[in-house]
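1. Quick one: sequence plus predicted model below, questions after.
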Amino acid sequence: MKTKSNVKCRKIGSKLAGLKNETLMWLLLLPTVFTLILCHWNPIFRGMLTSLFQTRGFKLVEFVGLLNFKNVLTDTMFLQTLSNTFQYVFWSLVIGVIPPLAIAIAVNEVVHFKQGFKVLTYLPAVAPALAASIIWMNIFSPSSGGMLNIFLNWIGLPASKWLLNENLTIPLIVISMTWKGYGATMLLYLSSLQSVSQDLHEAAVIDGAGVWKRLFKITIPHLGPTMLLMLVNQIIGVFQIFDQPLVMTDGGPNNASLTLGLTSYKMAFSYMQVDRSMALGTVSFFILLIATLFYFWMQKKLED
Amino acid sequence: MNRRIERKKEGLITSSDYKRLSVKISYWLIVLFLVLCSLIALLPIVWAFLSGFKELNEYYSVNPTLLPQKISWDKLVDVSTKLKIGKSFINSMILFFGCWVGEVIVGGIAGYTISRLQPKGSKLLFTLMLWTMMMPHTLTMVPMFMTWTDFPLIHINYQNTWIPLWTGSMANIFNILLFKNFFDGIPKSYIEAAKIDGCSNIGIFAKIIVPLSVPIISTITVFVFNGTWNNFMGPFLYLKDPNMATVALRLYNTTQGFTEPEQMLAAFVVMIPSVIVFMICSKQILGNNMNVGVKG
């Protein structure tokens, strides 16, 4: 009898100790859980809630239902910024997809000065984005001291307006983004390239396949899944572009480089239309959410 | 020169291919391509340096030149004073150390808890964190600003304090993920051996895990440095007091009130620490491929 109760006591004791341990462990996670709620979930809920209210300053005044959405979506500006944002995505696909791939394959190929090439081509990725934007803004400057205008002057052509030209401003901003962003993607391609089985190449050589044939039949197909993921990742990333146009053009000329993100920012901090800003934010949130789910679906499919 | 090719074991072009003239030419074309890419990568940085030293009349002249007439040390000093480089550098470092504590210590402990201690429910938490990380960020800036300027329940305005920026760094899920992956890779036998020797949980963490984690800690330290050094939007929103302005914020403010050459030189000055840190840690950054992707 005595021993039985002893065992019971010990069981409860160890359970209690376990509980105490669990609580202690969760205490270690407490800051993370706190910031997860405060900095990730709170803004999403709060933003969506705000989009349903009328605001004065940053204070909610009155519940208005979907009125803000109606105002934002029927605004002619909305269509322009949406089309601008898609133009950014389009140009980033035209300009930004090939360079990281080509450079990664080339770096993987050379044996002379390999580490040096790797470091030099990755250098833009470590430059502060803000400094890069400022420097590119000056390279594309419409003044006679801008680098491109100096070149035009040399060949005897008149100076161009570059960033202030409505048709050029988006591709030019995308060029500066590509310069800043290709390094990270290049590293991913490089690590994927290092896992190409060398036996495959050797077998192909024995079968008499030339270099080009091996490039398109072995290397590119091996990179395929990574490329596809990077592509979707890039589309999602460029869709949220905000600070480059903010620094380089402030949305100008004539709103030609305004994006959804920048419009939402300006509505809140410049025009004091926090309610509309959040309605716009919610719309782009759901557009991106669909893209993100698609990304996950594709990742899963590629893994299988 | 060719001995290197003979020893080449990776990639498309093998040493046997290299014997053919056409392949030889294409190999050197690839090298040329990389030289060009390196030049393009360097060009804006060099350009910032060159045009930053130009006088105003030189910069806006009708027949501009590529090179400045002279490179004067005074200009560099002048721009640095205008950026209040001493004060703003200290502010950037305050931001860096606070964020370092948040991302490395808090994040590292969280990663360790999820990876090794695994209290009940931590798997669920981890899945939630992964999902949260992939959420779009279009609804972050404005609601967070509303939260920090009038904190729920206690109604305190946290502008002009470091709290919003430091706390924000703790919310960096990607680092916790990196830590967790790293700790997952430490062989269990290490920890079991220590347990048999009578080491406590805290002892294991301090004597085994921390020394083993030096590589991941230094990698994330580099990320934290780059992140805080480049961050201008956070300080722009929360640090309205000019005495708290960081280097990045000062640089952002150069877009108003600085002449174009001054802006270029300022951008160049701000770039220097990033490049130095990269040169010191290039092996870690380029060798460790976990560190890229995911964001944007």
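-> Thanks, I have the structure now.
2. Quick check: residue B:155 vs chain A, distance?
-> For residue B:155, the distance to chain A equals 12 Å [CB to the nearest CB, to the nearest Å]. The C-beta positions use only the backbone N, C-alpha and C, and glycine is treated the same way.
3. did I read that right, that residue in a strand?
-> No: secondary structure of residue B:155 (DSSP: H, G, I helix; E, B strand; the rest coil): coil, not part of a strand.
4. least trustworthy helix or strand in chain A by mean pLDDT?
-> helix A:2-36 (a mean of 75; mean pLDDT, DSSP states H and E).
5. List of residues touching whichever helix or strand comes after it?
-> Downstream of helix A:2-36, the first helix or strand assigned by DSSP states H and E is helix A:42-51. Here helix A:42-51 makes contact (CB atoms under 8 Å, 6 or more residues apart in numbering or on different chains) with A:60, A:68-69, A:274-275, A:278-279, A:281-282, A:285, B:135, B:139-140, B:142-144, B:146-147.
6. Recalculate using a threshold of 6 Å.
-> A:68, A:278, A:279, A:281, A:282, B:139, B:140, B:143, B:144 (CB atoms under 6 Å, 6 or more residues apart in numbering or on different chains).
7. Next, the buried residues of stretch A:24-40.
-> A:25, A:26, A:28, A:29, A:31, A:32, A:35, A:36, A:38, A:39, A:40 (16 or more other CB atoms under 10 Å in any protein chain shown).
8. what do you get for stretch B:273-283?
-> Quick answer for stretch B:273-283 (16+ other CB under 10 Å): B:273, B:274, B:277, B:278, B:281, B:282.
9. Looking at the residues you listed, spot the one nearest chain A.
-> Nearest to chain A among those: residue B:278, at 4.1 Å, using CB to the nearest CB.
10. Please tell me the pLDDT value assigned to the closest one.
-> We have a pLDDT of 88 for residue B:278.
11. what do you get for residue B:295?
-> Residue-level confidence at residue B:295 comes out at 34, pLDDT.
12. can you check residue B:54 too?
-> Reported pLDDT for residue B:54: 85.
13. Can you show me the helices along the stretch 151-300 of chain A?
-> A:169-193, A:198-206, A:211-214, A:220-239, A:243-248, A:260-269, A:274-303 (DSSP state H, counting those that start in this stretch).
14. so which of those helices gets nearest residue B:21?
-> helix A:211-214 (12.8 Å; CB to CB).
15. list the buried ones in that closest one?
-> A:211, A:214.
16. can you give me the mean pLDDT across it?
-> Rounded mean pLDDT across helix A:211-214 is 82.
17. Repeat that for stretch B:102-114.
-> 92.
18. In it, which residues are buried?
-> So, applying 16+ other CB under 10 Å, buried residues of stretch B:102-114: B:102, B:103, B:104, B:106, B:107, B:108, B:109, B:110, B:111, B:112, B:113, B:114.
19. Count the residues that sit near residue A:262.
-> Residue neighbour count, defined by other CB atoms under 10 Å in any protein chain shown, stands at 23 for residue A:262.
20. oh sorry, the question was meant for residue B:56
-> 12.
21. what's the spacing between the longest helix anywhere in chain B and its chain's center?
-> In terms of residue count, the longest helix belonging to chain B (DSSP state H) is helix B:21-52. Averaging C-alpha positions (CA atoms, centre = their mean, to the nearest Å) puts helix B:21-52 25 Å from its chain's average.
22. how about the helix or strand hosting residue B:107, does it reach chain A?
-> Here residue B:107 sits within helix B:107-112, counting by DSSP H and E. Yes: applying CB under 6 Å from any CB of the partner chain, one finds helix B:107-112 in contact with chain A at B:109, B:110.
23. Which other helices and strands does that helix contact?
-> helix A:2-36, helix B:173-184 (3 or more CB pairs under 6 Å, 6 or more residues apart in numbering or on different chains; DSSP states H and E).
24. Throw the buried residues of stretch A:24-40 into CSV and include distance to chain B, thanks.
-> Shown next, in CSV, are these (distance: CB to the nearest CB, whole Å):
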residue, distance to chain B
A:25, 4
A:26, 6
A:28, 5
A:29, 5
A:31, 5
A:32, 4
A:35, 4
A:36, 6
A:38, 7
A:39, 4
A:40, 5
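25. For residue A:158, state which of the contacts of helix A:42-51 is nearest.
-> residue A:281 (42.1 Å).
26. Isn't the closest one up against residue A:262?
-> No: look at residue A:281 against residue A:262 with CB atoms under 6 Å: they stay out of range, at 11.8 Å.
27. mind saving the C-alpha coords of stretch A:120-134 as PDB?
-> Output of stretch A:120-134 as PDB, limited to C-alpha atoms (Å, rounded to 0.1, in the frame of the first residue of the first chain):
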ATOM      1  CA  LEU A 120      33.300  41.200 -57.600                       C
ATOM      2  CA  THR A 121      30.000  40.100 -59.200                       C
ATOM      3  CA  TYR A 122      28.500  39.700 -55.700                       C
ATOM      4  CA  LEU A 123      29.700  43.200 -54.600                       C
ATOM      5  CA  PRO A 124      26.500  45.100 -55.700                       C
ATOM      6  CA  ALA A 125      24.400  42.800 -53.400                       C
ATOM      7  CA  VAL A 126      26.200  44.100 -50.300                       C
ATOM      8  CA  ALA A 127      26.000  47.800 -51.300                       C
ATOM      9  CA  PRO A 128      23.300  49.500 -49.200                       C
ATOM     10  CA  ALA A 129      20.100  49.700 -51.300                       C
ATOM     11  CA  LEU A 130      19.600  53.300 -50.500                       C
ATOM     12  CA  ALA A 131      23.100  54.300 -51.600                       C
ATOM     13  CA  ALA A 132      22.700  52.200 -54.800                       C
ATOM     14  CA  SER A 133      19.400  54.000 -55.600                       C
ATOM     15  CA  ILE A 134      21.000  57.400 -55.000                       C
END
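28. Please see if it touches chain B.
-> Yes: judged by CB under 6 Å from any CB, stretch A:120-134 comes into contact with chain B at A:120, A:121, A:123, A:124, A:126, A:127, A:128, A:129, A:130, A:131, A:134.
29. Check whether the fifth one really touches residue B:278, as I assumed.
-> Yes: the criterion here is CB under 6 Å, and residue A:126 meets it with residue B:278 at 4.1 Å.
30. any idea how far residue A:104 lies from chain B?
-> Distance from residue A:104 to chain B, by CB to the nearest CB: 11 Å.
31. Compute the number of surrounding residues for that residue.
-> With other CB under 10 Å as criterion, residue A:104 counts 24.
32. Which pLDDT value does the model give it?
-> pLDDT at residue A:104 comes out at 92.
33. Name the SS class of the residue most central in space within chain B, please.
-> The centre of chain B sits closest to residue B:226, judged by CA atoms, centre = their mean, with a distance of 2.7 Å. Using three-state DSSP, the structure places residue B:226 in helix.
34. Alright, calling it a day.
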